Structures are given as structure tokens and as C-alpha cells.
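>>> show me the folded form of this:
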Amino acid sequence: MSDRGQPRWSAGVDVEAALTLIDEWIAPRGPAGAGAVVWHRGEVVASRYAGEARPGVPVTAETIFGMASITKPIAATTVMTLVERGLVSLDESVVRLVPDFRMRPGEDGTGIVPELERMRPTITVRQLLAHASGLPEDLAARDDRYPEPTDLDTIVTAMCRAPLQSAPGARVRYSNTGYGVLTRLVEEVTGESFWTVTRRNVLDPLGLPDIVARPGADLAIRLAIVGDAAQAGTAVEMYNSDYWRSLAVPWGGLFGTPAAAVRFAAAFLSHGPRLLSEAGVAAMMTDQTLGAPGGVESGRVAWDVAHWGLGWEVKGTKRRHWTGDLTSARTICHFGHAGTLLWADPERDLALAVFCNRTVTRMWTFILPRWARLSNAVVAAATR
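Have a look, this model is predicted:
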């Protein structure tokens, strides 16, 4: 029987239709703008852009968003390139590589728990990458961080000397501080700046010029303004000020397009661009926490088993998850405070980058179910 005249099914067409969900997000309770790009079986199959990047300027494929903590998987990949070059090993003691990481209590001993600090020499590179070191989330609560201009080196030094809050390996304690220590580790091992190493080892080999640290004046017209940013209206406003953009913290300071981000995620899929070895990719995508509980303190998120790989969060057995109900347990992902989400499902050979330009601080209950609904629709459309 001929099927002539019948419409041919197309995953790309169905996924394009799924992405129209982001149009409904543009509202007073939601973001001003959004962009989404889907990778499936070796190529971008759909993209969509909605709303405004800044007043009067529409979001387009050229719009560069604050990636926030989606920076972390890229930073972790930088560390993994050093592991693969034999410059560092995952289970190496961090204090041997980073002199500033040795215990140096403050003058008044505030926050120091001697029993925990005696465990500091046991902390490994693996534990820093998987948020299992016991270090705090940051130096202060989000709205109180860096209230005055501070250089990156000073912040990283303070992070290296931050007191432990739990025993290494006992729980997952999502930690910008741990990635500050990794910043210093990369610089100690290579003798170069963190972003120099990242550009040479990760971003350039993957062909990602649209992921940038310290975007200059030439990119200003492409940058989305992030709503509800901390320190709003000041010279140190998060994401939007020249100061913040030049600070380029390796735990949350990158800017990029959804298309560039989804290509990075695709490097962990079977038909994506290859950067790391098969063994390196597997290590980053596999839970490294040995069943430890924990979560993200600032997001008030906790799990009985907080599956986390090297840089990437692993979905595992988590429910009510931002990647939805239909992504597999092997899905790797990361969300960003600026309103960004990136995931890759190796069982579906599928990846989604969906970026918004409003922080999750006041949008948390809005964005979580919408991320999940969109992810469900994308998986269903791509695999129908």
C-alpha cells in the first residue's frame, strides 16, 4: 500500500513544535526572553527564540546569555583535560597541589571545626569536582556576595581557606567554593590563567567562540540583561555590570548562546564532537558520590541520594527533576542561577539548552515545572 500523499513524520518538525512552549514563558512572572536549542543524533534539529534580550531588543540566535553555573561542567572539563594529559589525578590530595588549601584558620577561629579540618588533607580532586569535599556553597549568601569590587585572585584565595562544613565524602554539598579551589589548582599545575587553559583545551577544540569569559565591548550589543540580579543598580550588579562580567568566576561567570552550549553538551553524546577519551567522558557522566545524600542549599533542594558526576549533575533516581519525567536516569545536566538549563541524555542521543534572562531567585516555582514540561515534550517529539 502506497503512502504517497501522506505527510512524512519528522522529528525536527515535532521538536520545533515542542519548543513553542517557551513562547508562553514570556510574562510578568517569567523571563523577558528565552532561547532553546535541541541536538539529536549528531546535529541541531530545532531552535526557537522568544521575547526580549533587553528592552526593545528581541532574543535571536545571536543573543548571549549569562550561563551562570552551567560554567561548572565546562570548568570540570578543563580539569579533565589535565587528568588526561597526566598532570593531575582524580584521587590526588588537593593540599599537595594547592598550597593555599592547607588549613589556615582565621584570627578568631570563626567557623573552624578542628575535627573536620584534620580531614582536609584527605580531600581529593574528584571530591571537589563532585561537590563532596565538605566545603561551603560560597563565602556568603548570594545577595551578600562581593558587595564591593574584588579581584578574582582574592576571592579564590579566600575560598581556598574556607573552613569545612562537613566531612569529606559524607554528603553532597553543592559548592562554588570547591570550584574556586579547582581554579587555583589549574593555575598551579599549568602556570597559566584558568581561562587561558579552558580556551585552549576545551572551547577552541570544540569550536565554541560563542561561549566567552569576560565579554568585551564588541559583544555588548548581543548580551541579554538578566532580571532580578543581585546587587541590582550598583557597580557590582551580578551578570549585568562591567565588573561582574570582567570578574569571570570559573564557577558561574561564562556567557554564551544556547546553540554553543548544546554543542558542548553534545560532546558527551555518541554522535557529538569528541574532546575527551571514552574513559574521560564516562567518568564525568557517572555518579562519583558513592550514594551520599545532599543537594543545593541555596535552592532548598536535597535528595536522599544526590547523584553527581564530575562537574555534571546526574539525574539517577531523583524525582520532580528539572529535566522532566522522560529523560533517562543517565541524563547529565546543570542549571544556572541566571535562568539557564542544559542537559544531555546518552540513551536518547539528545540534548537541550534552554536559556532565560531572569534569575531563579524569585522565579523558582515558575521555572521548575516549565523546564520539566519542555523537557518531556522534547524527549517525546524526538523519540516518537
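
>>> how's the protein carved up into domains?
11-70+207-383, 76-190 (automatic domain parsing).

>>> pull the distance from the last one to the chain's centre.
Same thing as domain 76-190. Averaging C-alpha positions (Cα atoms, centre = their mean, to the nearest Å) puts domain 76-190 17 Å from its chain's average.

>>> just stretch 219-233 next, same as before
18 Å.

>>> distance between the ends of it?
End-to-end span of stretch 219-233 (Cα to Cα, to the nearest Å): 21 Å.

>>> pLDDT averaged over it - what is it?
Model confidence over stretch 219-233, given as mean pLDDT, is 96.

>>> ok, residues contacting it?
The contact list for stretch 219-233, computed with Cβ atoms under 8 Å, 6 or more residues apart in numbering, reads 31-33, 53-55, 59, 62-66, 142-143, 145-147, 212, 215, 237-241, 255, 338-339, 357-359, 361-363. Placement of C-beta: from N, CA and C, glycine included.

>>> would you mind listing the buried residues in that stretch?
R222, L223, A224, I225, V226, G227, D228, A229, A230, Q231 (16 or more other Cβ atoms under 10 Å).

>>> quick one on the thing from earlier: filter the contacts of stretch 219-233 down to the buried ones and hand me the PyMOL line.
Burial among these is assessed by 16+ other Cβ under 10 Å; the matching PyMOL selection reads:
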select buried, resi 31+32+33+53+54+59+63+64+65+66+145+146+212+215+237+238+239+240+241+255+338+339+357+358+359+361+363
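
>>> let's see which of the contacts of stretch 219-233 end up in helices.
Of those, none are assigned to helices by DSSP state H.

>>> so which of the contacts of stretch 219-233 are in strands?
Among these, the members found in strands (DSSP state E) are G33, A53, R54, F65, G66, V212, F255.

>>> now those residues as CSV including pLDDT?
Listed next are these as CSV, based on pLDDT from 0 to 100:
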residue, pLDDT
G33, 98
A53, 98
R54, 97
F65, 98
G66, 98
V212, 98
F255, 98
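
>>> among these, which pair sits farthest apart?
Maximum pairwise distance among the ones in strands among the contacts of stretch 219-233 (Cβ to Cβ): 18.8 Å, between G33 and V212.

>>> just give the closest residue to L128, not the sequence neighbours.
Of all residues not flanking L128 in the chain, G178 sits nearest, at 4.3 Å (Cβ to Cβ, 6 or more residues apart in numbering).

>>> so what's that neighbour up against?
Neighbour list for G178: Q127, L128, L129, H131, S133, L135 [criterion: Cβ under 8 Å, 6+ apart].

>>> is it fair to say it lies in a helix?
Yes - G178 forms part of a helix when assessed by DSSP: H, G, I helix; E, B strand; the rest coil.

>>> per-residue pLDDT of it, please?
98.

>>> how far away is it from T157?
Noted for G178: a distance of 15 Å to T157, by Cβ to Cβ, to the nearest Å.

>>> repeat that for A353.
33 Å.

>>> so which of these two has more stuff around it?
Ranked by neighbour count (other Cβ atoms under 10 Å), A353 and T157 place A353 first, with 30 against 14.

>>> got a list of what L352 touches?
A36, V37, V38, W39, V262, L341, L342, W343, L374, S375, V378.

>>> how about the residue nearest in space to the middle of the chain, what does it touch?
Nearest to the geometric centre of the chain sits I70, at 1.8 Å (Cα atoms, centre = their mean). I70 sits next to L254, A261, H334, F335, G336, T340, L341, L342 when contact means Cβ under 8 Å, 6+ apart.
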